[in-house]
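> Have a look; sequence and predicted model below, questions after that.
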Amino acid sequence: ATGGLSVAGHASSWHYAHVTVTGINQGVAYESLAVPLLAKLDKGFSCTLLAYGQTGSGKTHTMFGPPGCLTEAALASAQGGGVPEEWGLLPRML
């Protein structure tokens, strides 16, 4: 989904290109959010991936994965030599 934000009394407005839905898995979030940004980055565009929300809403979980998941053991046990299922957006992008 796309959307925008404007603040009463201010001439500026901000638009965002995509919103993801609560409850999707890390792989779906990566495909819908990060892959298009990486394609633009590869073409020379500057890109920003912003996680914004209320405290405890899952920003860090979405960006990195659950606590303790970024281990060599998790990488070694990933099916087919891929990325561990629980890893968030940032480690998948790198």
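Structure received.

> remind me, longest helix of the chain?
Secondary structure of the chain per DSSP state H: the longest helix is helix 35-42.

> Mind exporting the C-alpha coordinates of that one to CSV?
Extracted C-alpha coordinates of helix 35-42, given in CSV (Å, rounded to 0.1, in the frame of the first residue of the first chain):
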residue,chain,number,x,y,z
VAL,A,35,14.5,-6.1,-3.1
PRO,A,36,13.0,-3.1,-4.9
LEU,A,37,15.4,-0.7,-3.0
LEU,A,38,18.4,-2.9,-3.8
ALA,A,39,17.5,-2.8,-7.5
LYS,A,40,17.3,1.0,-7.4
LEU,A,41,20.6,1.2,-5.5
ASP,A,42,22.2,-0.9,-8.1
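
> same question for it, mean pLDDT?
Mean pLDDT, helix 35-42: 93.

> cool, stretch 74-84 as well?
87.

> Check which residues of that stretch are buried.
Residues of stretch 74-84 classed as buried: 74, 83-84 (neighbour count, 16 or more other Cβ atoms under 10 Å). For the C-beta atoms, the positions are set from N, CA and C on the backbone; glycine is no exception.
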